[in-house]
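S.K.: fold the following.
(chains A, B and C)
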Amino acid sequence: MSVVPVTTPAETDVEPPVSLWRDAWHRLRRNRLAVFGLMVVVILAFTAAFGPYLTPYDFLSQDLSARNLAPSMSHLFGTDDLGRDVFSRVVYGTRTAFLVAVVVTFIAVLIGVSLGAMAGFFGGLLDKIVMWLTDMTMSIPNLLLVVVINASLKSPISSWMEGRYLVTLNPIYRETVWVDFLLVFGSMALISWPPYARLVRAQVLSIRSRPYITAAQALGLTNRIILMRYVVPNALGPLIVAVSAGLGTAMVLESAFSFLGVGVNPPTPSWGNMISDGLRVWQHYPHLLAAPAAVLGLASVAFSFLGDGLNDALNPRGAK
Amino acid sequence: MGAQPLMRIENLVKHFHVRLGAFGERAATVHALDDVNFEILEGETLSLVGESGCGKSTTGFTLLNLHKATGGKVIYQGRNIVELDEKAMRPYRRQLQIVFQDPYSTLNPRMTIGEAVGEPILFHKLATKAELPQKISELLADVGLPPRFASRYPHELSGGQRQRVAIARALACQPKFIVCDEAISALDVSVQAQIINLLLDLQQKYGLTYLFIAHDLAVVRHISDRVGVMYLGRLAELATREELFEHPLHPYTKALLSAVPEADPAHERSRKRQILQGDVPSPLSPPSGCRFHTRCPIAMEVCGKVVPEWREARPGHMVACHAVTEGLPG
Amino acid sequence: MMANDIRPEASRERLLDVKGLTIEIETRRGPATIVDGIDLHVDKGETLGIVGESGCGKSLTMLSLMRLLPNKIRVTQGEANFAGRDLQKMSNSDLRKVRGGEVGFIFQDPMTSLNPVMRIGQQLAEPLIYHRGMSKAEARNRAGELLKLVGIPGAVERLDAYPHELSGGMRQRVMIAIGLACNPQLLIADEPTTALDVTIQAQIVDLVKELRDKLGMSVVWITHDLALIAGLVDRINVLYAGTVVEDAPVDALFANPRHPYTQGLLASIPKLSDQRTTRLSSIGGTPPEPGRRPKGCPFAPRCPLVEQICHERVPSLEGTGKAGAHRVACFVAQRKLEAA
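M.R.: The predicted model follows:
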């Protein structure tokens, strides 16, 4: 076979390849607010992971001789009405907030992405059912649903566990903290998934009609490969943005529920129940309210900045 | 012409069902393709031309079974491939490839060029993992790209370079037949010429058969062996390039040719174009009889009533027009 | 009325005169030049074709005159005189009177350039009410006339149609009618037929030609298709990477292209006489991206005639014909012409 001469395009660029992700990272780094958000999030995550081992006091240890102390060198954020160190409690509250936010968002994303992707990819009746479910869930007032779940399930489960403990003496049934968490996780995830489902469905629908999907079909590739290598990676950008914003929302939500008494129960520290406690005495001991409220505010703002930054970084054309 | 038919298209029909009205309350049918018959010969370049909505792209998609045909047959290697399901179709997919119009959107933005070109090779088991880098380099060289492009992402390439990648990807399957669906329409003039040359080179090197779908008649005139003219979902005329451009028979072909600008100022200033009145009718309710009769300068009474027969007017020159048929002896 | 004003000697009067126009885009790596000190002019009654490939700055140049540049792109240097007034120094409110009043625009995509929720009659009447101070009834009358002028059948009934009810060709006719609404002195057509089919394209070219002769206005037609405007324009400017590389009367340009880029462009158009197996002559490589312009002549990396000097200095646009009417920016072509 003879060698056919082929026109060679001018080889002008010699820059190393830039992947879309690296490009996005580059853009993110130039956005000051996003960098601030990212730093705060990283610090908070570190605090949540290792903070409880580094705090000077145990979050539960009470010192009734040192109640309601103002912030000082020995107690950075002061102490509360039981003489517990507020700084240590805020640090442990970070863990609660992160645990709830991460687990809830994970479950919500799992439900939302699977339902949304299936609805978008297969369409038809399945799509109709999923969208109907989404609309239903979104039409129920969030707080109401959570209050109802907690009120109707918490005490029956607790009393059932008490009964089991008395019968079996199995220590598993004595600890009721995780029931709290389970209910919080479950009820919050239940109200948080619809936005993810809608987002992913819209993404999949738009990606499905892209020419590169047709091109992949023309190559004979199977639906599974197309879904995994073409649809999912391209839907990932907007999802990451939504997750980042969703984590912040989940933290605020957890605090709101704890504040209302339907979230994590004392003595487990949560920013929400600390705010709730602090609010009762804020005229006398403002630091009890200020410390958790400020950290909650900071976390919420940080996630929101990071989400916005990611949005701009991953959609270069959408940015100004 | 001694070439064997590679593919035979018989009475191909494609209708799309759509819903109209604010609430989708009215069902309607788009007659994208009706009763299309032609053969594609081995090693040739057959072009389909016509205005937007004439069904030329739908033909390409339907005969590759990317759109399910509503009726008719596409015979390839003795089998009617349009009735095959996706699984049975897979072995044929490898041999029948397509290159799309917009090189910006036919590549997955998350995959490097190397991955994009390598994927079909691995999928169709045309090389082992160890041979893959070598294979990718060869394919890139075939389309005139240096091997280091393998680690690039699509957004780093120019339009012409991306179209080269899309071609390399089609070639990776070692196909017999490639549909070029407006493959050069989105490119700049100087780059267009590069890609046309590349397609011609590759055709010689690998003995490829092309179905070239385009609206630019100057390009079609340059690269085709035979040309088919479509109007509103039907073939109006099909002949060799010389026949069609020098002795067009169908009044639509004549109008189309007269609209093509020539790079000659004096000729352009003095020429009298045969300008078609009005617009292409809606494919939702195509005209009865000959679909062109509403705009045809020589329409007769019969044209609105009877669909003209698709017949051979001269050797190898197919046309569907009552006026031509009447003028024929016998 | 305007057509009568133009006497032969007046036809050489400059209507639009752009000098040293430079446009930059902000990129991640800092500002990058897209249009590099362009000079161009349009005489009264003249039709100028601006030809170039995507990204050469042909559309931006015209948009910049009307301060219609997108974000992150701005004019950094140069002046533009229109009918004796400096467009760059004009106040925004004065410029608004020029836009759509003395200068009409036709854009590429008639679907996205028309407001989809407004009846076309209203869209036509708007500039008339704004620029001409017509009453609603007068404007509607005139709108009907304009639709008739651009050859829309059943013009008066179509005034109440929405853009989506018209075909692509009809929408482009409406766009032309809007461009002509206030009897502009200059009509700028930015690739108005690119989105249209060949037969409709021919209709539109013929329509603009006819209207130009009837109304006696100047036209700037921006396109990437040399053949399309061959029979329409008087003079052509060929743009490459933000500079005019050749400026010539249309016949001279086709008969005797002097810049290697123009030669390459013309040669890459397929001809009827070609054999099927002949390779098209093509220009290797791709145009430079903004911010990666070579130091010397921007075409040097792709040029078949390139010499050492081309990499070092930027050639200026020099007149070479008898009256200097045929100008080219190329060291090699200029030297050849001097020798001849």
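
S.K.: from now on I want contacts and neighbour counts done on CA atoms only, so please keep to that.
M.R.: OK.

S.K.: show me what contacts the residue positioned nearest the centre of chain B?
M.R.: Closest residue to the average C-alpha location of chain B: B:I213 at 2.6 Å, with CA atoms, centre = their mean. B:I213 makes contact with B:S47, B:L48, B:V49, B:K56, B:S57, B:G60, B:V179, B:C180, B:D181, B:E182, B:A183, according to CA atoms under 8 Å, 6 or more residues apart in numbering or on different chains.

S.K.: switch the cut-off to 6 Å
M.R.: The contact partners of B:I213, by CA atoms under 6 Å, 6 or more residues apart in numbering or on different chains, come to B:S47, B:L48, B:C180, B:D181, B:E182.

S.K.: just the buried ones from these?
M.R.: Neighbour counting by 16 or more other CA atoms under 10 Å in any protein chain shown classes B:S47, B:L48, B:C180, B:D181, B:E182 among the contacts of B:I213 as buried.

S.K.: hmm, the third one is touching B:F212, no?
M.R.: Yes: in terms of CA atoms under 6 Å, B:C180 counts as a neighbour of B:F212; the distance is 4.9 Å.

S.K.: which of the contacts of B:I213 lies closest to B:G72?
M.R.: The nearest member of those to B:G72, counting by CA to CA, is B:L48 at 18.7 Å.

S.K.: which stretch of helix or strand covers that closest one?
M.R.: If you go by DSSP states H and E, B:L48 is part of strand B:45-49.

S.K.: please list the outside residues in contact with that strand.
M.R.: With contact meaning CA under 6 Å, 6+ apart, strand B:45-49 is reached by B:56, B:209-215, B:224-229.

S.K.: one more pass at 7 Å, please.
M.R.: Applying CA atoms under 7 Å, 6 or more residues apart in numbering or on different chains, the set of residues contacting strand B:45-49 from outside is B:40, B:56, B:209-215, B:220, B:224-230.

S.K.: all the helices of chain B, residue numbers only.
M.R.: With DSSP state H applied, chain B shows helices at B:56-63, B:86-95, B:113-123, B:132-142, B:159-172, B:189-206, B:217-223, B:241-246, B:251-259, B:265-270, B:322-327, listed in chain order.

S.K.: packed most tightly, which of those would that be?
M.R.: Of all the helices of chain B, helix B:159-172 has the most neighbours on average by mean count of other CA atoms under 10 Å in any protein chain shown, namely a mean of 26.

S.K.: what is it packed up against?
M.R.: Here helix B:159-172 touches strand B:96-99, helix B:113-123, helix B:132-142, going by 3 or more CA pairs under 7 Å, 6 or more residues apart in numbering or on different chains; DSSP states H and E.

S.K.: off-centre distance for it?
M.R.: Here helix B:159-172 is found 17 Å from its chain centre; the criterion is CA atoms, centre = their mean, to the nearest Å.

S.K.: pLDDT weak spots in the stretch 51-200 of chain A?
M.R.: Scanning the stretch 51-200 of chain A for pLDDT under 70 picks out A:56-71, A:73-78, A:80-83, A:172, A:174-178.

S.K.: now it against chain B: closest residue?
M.R.: Using CA to the nearest CA, the closest approach of the stretch 51-200 of chain A to chain B is made by A:G124 at 15.0 Å.

S.K.: contact partners for that residue?
M.R.: Under the criterion of CA under 7 Å, 6+ apart, the contact list for A:G124 is empty.

S.K.: just the element for whichever residue of the stretch 51-200 of chain A sits closest to chain C, please.
M.R.: Residue nearest to chain C within the stretch 51-200 of chain A (CA to the nearest CA): A:L199, separated by 26.6 Å. Following DSSP H and E, one finds A:L199 within helix A:177-208.

S.K.: from the contact counts, what lies against that helix?
M.R.: Helix A:177-208 sits against helix A:86-122, helix A:124-139, helix A:142-168, helix A:232-260, with contacts defined as 3+ CA pairs under 7 Å, 6+ apart.

S.K.: please identify the deepest-packed of these.
M.R.: Ranked by mean neighbour count, the helices and strands packed on helix A:177-208 are led by helix A:86-122 with a mean of 23 (mean count of other CA under 10 Å).

S.K.: for that one, name the packing helices and strands.
M.R.: Packing partners of helix A:86-122 (3+ CA pairs under 7 Å, 6+ apart): helix A:32-54, helix A:124-139, helix A:177-208, helix A:232-260.
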